[in-house]
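Trainee: whatever this is, show me its structure:
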Amino acid sequence: MARGTLRIYLGAAPGVGKTYAMLAEGHRRAGRGTDVVVGYVEHHSRPRTELMARGLEEVRRKEVGHRGAVFPEMDVDAILARAPEVALVDELAHTNVPGSRNAKRWQDVEELLKAGIDVVSNLNIQHLESLGDVVEAITGVRQRETVPDEVVRRADQMELVDMSPQALRRRMAHGNIYPPDRIDAALSNYFRPGNLTALRELALLWTADRADEHLQQYRADHRISGVWQARERIVVGLTGGPEGRTLIRRAARMATKGSGGEILAVHIVRDDGLASGRTRELAEQRGLVEDLGGTFHQVVGDDVPDALLDFARGVNATQIVLGTSRRRTWQYALGPGVGVTVARESGDIDVHIVTHEHAAKGRGLPAARGARLGRSRAVAGWLAGVGAPLLLTLLLTRSRPGASQSTEMLLFLTLTVAAALIGGLWPALASALAGSVLLNYYFTAPTHSFTIAQPENIIALVIFVLVGAAVASVVDLAARRAQQAARLGAEARILSYLAGGVLRGESGLEALLERVRETFGMESVALLERAGENGEWTCAARVGGPPCPRPEEADVDVPVNERLSLALTGRVLPAADRRVLSAFAAQAAVALDRRRLADQAEQARALAEGNRIRTALLAAVSHDLRTPLAGIKASVSSLRSDDVAWSAQDEAELLAGIEEGADRLDHLVGNLLDMSRLQTGTVTPLIRQVDLDEVVPMALGGVPGHGVALDVPETLPMVAVDAGLLERAVANVVENAVKYSPEGAEVLVAASALADRVELRVADRGPGVPDGAKERIFEPFQRYGDAPHGNGVGLGLAVARGFAEAMGGTLTAEDTPGGGLTMVFTLRAAPGGAPARPGLPAEATT
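Mentor: All right, here's what the predicted structure looks like:
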């Protein structure tokens, strides 16, 4: 029996329409005459989903008892007995009630598939096993019900049911997903815009990767090597020459002309890894590629055109960008060149040859490198090359005076090979020459004479010298390449550290200089600076022992520019080390500039903030503070006047006005003092474990009006806050909410737990605040709209956010479902507490 096919509708979150799409597919197939049944569908009391399920045959559910309750589950046996062509099964990640046929619903589906029944199901992206940690980091909720990725990847068809976060939240607010009593909790927790956007991105990326896997598998199954231009992929061939930047920028301009263009820069190196371009130039070009949004690749291959084309076809590239060859005209006699070969063999891939200013100017020759053998090996090599032939001659003349000449030549050749292995080229050449002279004088007729009687002996001696020289050159080359590879490896590790530090945003100058001191084994490292060309040198930063006062007195001096120099003391470094040291020096200069720019920015920010606050404070004093003062003064003057006889009621009204003005002054001055403490950094919270149900009611005690509803469960975990600061912050926020709420509308103060956080939400039904102004209302001396000056100087929310952040929490603003503004305090739950399970939608947490 053939296995059934599996079709899965994938969604980013509950409510996007997966079940609706599954039922629509069932109706479509039933309309074509296919035998379709509903194995299990949960419509969650959604009218449109419930209506869509009508008209489809539904297999009766099985009731399973557990702990005194009865739960409905899918009846696998009934579906197998019914044997339909297609079964619709909702919620693939569902965990069955203990005592069911299988532990998981996806295992039930596997049984149906093995029985030859096609299954249409659905799944949310957060239920994939591999994404459990990612989803928990985004939403704060650990998904207990998951499906192995392999089960989903084996699906024959996968379709994404997509919906924007804004549209999904509108559906939620209109009551199309959950009943009204669960809407606020859902929108405030799992269905936040950030959560939905991140989950949607996960779903899109996972589906795109799945589509790419299908495409690659199809191309492999059908042996398709040609390029399918699903998207523009531009491969840039880099040689490590100066023309690389021109090619990269040209490819970037080409990529921007198409939608979703991708740049892949590739550098081909030989199998030995030594024939490479300029290391510094390649590093700079790699940074340019990554800055432009591309990727850098290094491919090993002796045949550059073949390696480049293999890479381009492997990534399904549509275009290749190469530079005009730097070879001179006469060099084309040696071959057509890389560009011509790639263009001829590229097939469906377009090849662009880009001109540049370095074309036809030659590549230049690599710098000559001397021998890399150690001193002890060189001495031993010379002893073997000169002394060993003399000893061998002495032994042969005394022990075997009649030995054949071929045997004697092989013995001397063995000494030459040994000299080459030990000492390299020159000791081996000396051994070959010494051996040829001794063979001629002692063992070639006529002996004891440099005259050679037979011509073949001359040929034998010449071959002997050539073989010795060839062996010596091979050994010398191997030794140089081995040490060169070791050195390049060390340099690569050091440069990788520098690059990693840049990517990680590390800017510690002293840490960088300490790395230089440890890497090169120096006593002290200092970054010296001077104001001008003739200025005095000063030490900008140093590590180790006392720094040298001037670069001229240092053992190693690496100039960065006219005013900066890296000075090292301890020992003299070889010239080969200066390349890596120059990279350290450049990075040190960048770190110094970054630190100073950060200091200057902080100073400028502090000055600007201080000026802004002083200006606002003067405005506040001239307007808002003068109003209550003027009222108090007028009331006192009236009471002290002897010209008017005030009644008891009049005096009471005047005294009430004085009291109201004094209270207003006290509130304004308190906020001014609090903001001053926050601006000067003198707020030091005393963090303790506190119950919200004790602090919040106290904060509401001084709030004017009585339209505040409180919903703070006693089961909430304790929070780590300063009780006094939290009380003041909550009071300011609630007072602001009451001020802008319409008559008869209550302000709701509610708390809930979410993972390791506790949220306190203050929701009003006022006019609300546009998204663009939600951050501005937290700035000092900001009042939204045209609020009159008598309503305060605009410090309440700024003080509240400052206190919240001082305690390690946050204060943000978001829209209230149905209209209004909600202020959200996010506080840290006290360590060791057992947080209560947040009231999230059941489908979102499963």
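
Trainee: didn't residue 798 look like it was pressed against residue 779?
Mentor: Yes. Residue 798 is within contact range of residue 779, at 6.2 Å (criterion: C-beta atoms under 8 Å). Heads up, the C-betas are built off the backbone N, CA and C, glycines and all.

Trainee: of the two, which one has the most company?
Mentor: It is residue 798, of residue 798 and residue 779, that has more neighbours when counted by other C-beta atoms under 10 Å, with 23 against 15.

Trainee: now name the helix or strand holding that one.
Mentor: Using DSSP states H and E, the element containing residue 798 is helix 796-806.

Trainee: elements contacting that helix?
Mentor: helix 648-680, helix 723-740, strand 810-815, strand 821-828 (3 or more C-beta pairs under 8 Å, 6 or more residues apart in numbering; DSSP states H and E).

Trainee: for residue 203, which of these is the nearest?
Mentor: Evaluated over the helices and strands packed on helix 796-806, closeness to residue 203 peaks at strand 810-815, with 23.7 Å, by C-beta to C-beta.

Trainee: any chance you could map the helices in the stretch 551-700 of the chain?
Mentor: For the stretch 551-700 of the chain, helices defined by DSSP state H, counting those that start in this stretch occupy the ranges 578-620, 626-640, 648-680, 692-699.

Trainee: got it, and the stretch 51-200 of the chain?
Mentor: Applying DSSP H, counting those that start in this stretch to the stretch 51-200 of the chain gives helices spanning 76-82, 105-114, 132-139, 149-153, 165-173, 180-188, 193-221.

Trainee: for the fourth one, the averaged confidence score.
Mentor: Spelled out, that is helix 149-153. Average pLDDT, helix 149-153: 88.

Trainee: that helix: which residues count as buried?
Mentor: Using 16 or more other C-beta atoms under 10 Å as the test for burial, helix 149-153 gives 151, 152.

Trainee: please state the offset of that helix from the chain centre?
Mentor: Chain-centre distance of helix 149-153: 26 Å, with C-alpha atoms, centre = their mean, to the nearest Å.

Trainee: quick one: contacts of that helix?
Mentor: The contact list for helix 149-153 (C-beta atoms under 8 Å, 6 or more residues apart in numbering) reads 8, 106, 110, 123, 128, 129, 130, 158, 210, 213.

Trainee: got the CA positions of that helix in PDB?
Mentor: The C-alpha atoms that make up helix 149-153 are tabulated as PDB, following Å, rounded to 0.1, in the frame of the first residue of the first chain:
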ATOM      1  CA  ASP A 149      11.600  19.000  12.500                       C
ATOM      2  CA  GLU A 150      12.100  15.800  10.500                       C
ATOM      3  CA  VAL A 151       8.300  15.100  10.600                       C
ATOM      4  CA  VAL A 152       7.600  18.500   9.100                       C
ATOM      5  CA  ARG A 153      10.400  18.300   6.500                       C
END
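
Trainee: widest-spaced pair of the contacts of helix 149-153?
Mentor: The two members of the contacts of helix 149-153 with the most space between them (C-beta to C-beta) are 110 and 213, at 21.2 Å.

Trainee: more neighbours: the two, which one.
Mentor: residue 110 (18 against 11).

Trainee: got a list of what that one touches?
Mentor: residue 151.

Trainee: distance of it relative to residue 45?
Mentor: 30 Å (C-beta to C-beta, to the nearest Å).

Trainee: do the same with residue 58
Mentor: Relative to residue 45, residue 58 is positioned 17 Å away (C-beta to C-beta).

Trainee: those two: which is more packed in?
Mentor: For the pair residue 58 and residue 45, the greater number of neighbours falls to residue 58 (13 against 10), based on other C-beta under 10 Å.

Trainee: just give the nearest non-adjacent residue to that one, would you?
Mentor: residue 38 (4.0 Å; C-beta to C-beta, 6 or more residues apart in numbering).

Trainee: how about that neighbour, phi and psi?
Mentor: Main-chain torsions, residue 38, degrees, to the nearest 10: phi -90, psi 110.

Trainee: burial of residue 61, as a residue count?
Mentor: Count around residue 61 with other C-beta under 10 Å applied: 15.

Trainee: show me what contacts it?
Mentor: Residue 61 sits next to 40, 72, 73, 74, 75 when contact means C-beta under 8 Å, 6+ apart.

Trainee: wait, isn't the last one in contact with residue 63?
Mentor: Right, the one you point to is residue 75. No. In terms of C-beta under 8 Å, residue 75 does not count as a neighbour of residue 63; the distance is 9.3 Å.

Trainee: which one's more surrounded, the two?
Mentor: residue 75 (21 against 11).

Trainee: now do the contacts for the more buried one.
Mentor: Contacts for residue 75 (C-beta under 8 Å, 6+ apart) come out as 59, 60, 61, 62.

Trainee: same thing but at 10 Å, please
Mentor: 39-40, 59-64, 81-82, 100-101, 108 (C-beta atoms under 10 Å, 6 or more residues apart in numbering).

Trainee: what do you get for residue 463?
Mentor: 409, 413.

Trainee: separation between it and residue 201?
Mentor: Separation of residue 463 from residue 201 (C-beta to C-beta): 72 Å.

Trainee: same deal with residue 308?
Mentor: 34 Å.

Trainee: more neighbours: the two, which one.
Mentor: residue 308 (25 against 13).

Trainee: how close does the nearest residue to that one once chain neighbours are set aside sit to residue 118?
Mentor: Of all residues not flanking residue 308 in the chain, residue 237 sits nearest, at 5.5 Å (C-beta to C-beta, 6+ apart). Computed as C-beta to C-beta, the residue 237 to residue 118 distance reads 49 Å.

Trainee: which one of the two has more residues nearby?
Mentor: Taking other C-beta under 10 Å, residue 237 and residue 118 do not tie; residue 237 has more neighbours (24 against 19).

Trainee: so the more buried one sits in a strand?
Mentor: Yes. Under DSSP: H, G, I helix; E, B strand; the rest coil, residue 237 sits within a strand.

Trainee: that one against residue 265, yeah?
Mentor: Yes. In terms of C-beta atoms under 10 Å, residue 237 counts as a neighbour of residue 265; the distance is 8.2 Å.

Trainee: secondary structure element for residue 298?
Mentor: Assigned by DSSP H and E, residue 298 falls in strand 295-300.

Trainee: just to revisit the earlier point, who's in contact with the residue nearest to residue 58?
Mentor: Residues near residue 38 by C-beta under 10 Å, 6+ apart: 22-23, 26, 53, 56-59, 74, 79, 84, 87-90.

Trainee: quick revisit: right, so of the helices and strands packed on helix 796-806, which gets closest to residue 280?
Mentor: strand 810-815 (44.7 Å).

Trainee: against which helices or strands is the closest one packed?
Mentor: helix 180-188, helix 723-740, strand 757-763, helix 796-806, strand 821-828 (3 or more C-beta pairs under 10 Å, 6 or more residues apart in numbering; DSSP states H and E).

Trainee: and that strand, what's buried?
Mentor: For strand 810-815, burial by neighbour count (16+ other C-beta under 10 Å) applies to 811, 813, 814, 815.

Trainee: among the helices and strands of this structure, which has the poorest mean pLDDT?
Mentor: Lowest on mean pLDDT, DSSP states H and E among the helices and strands of the chain sits helix 842-845, with a mean of 39.
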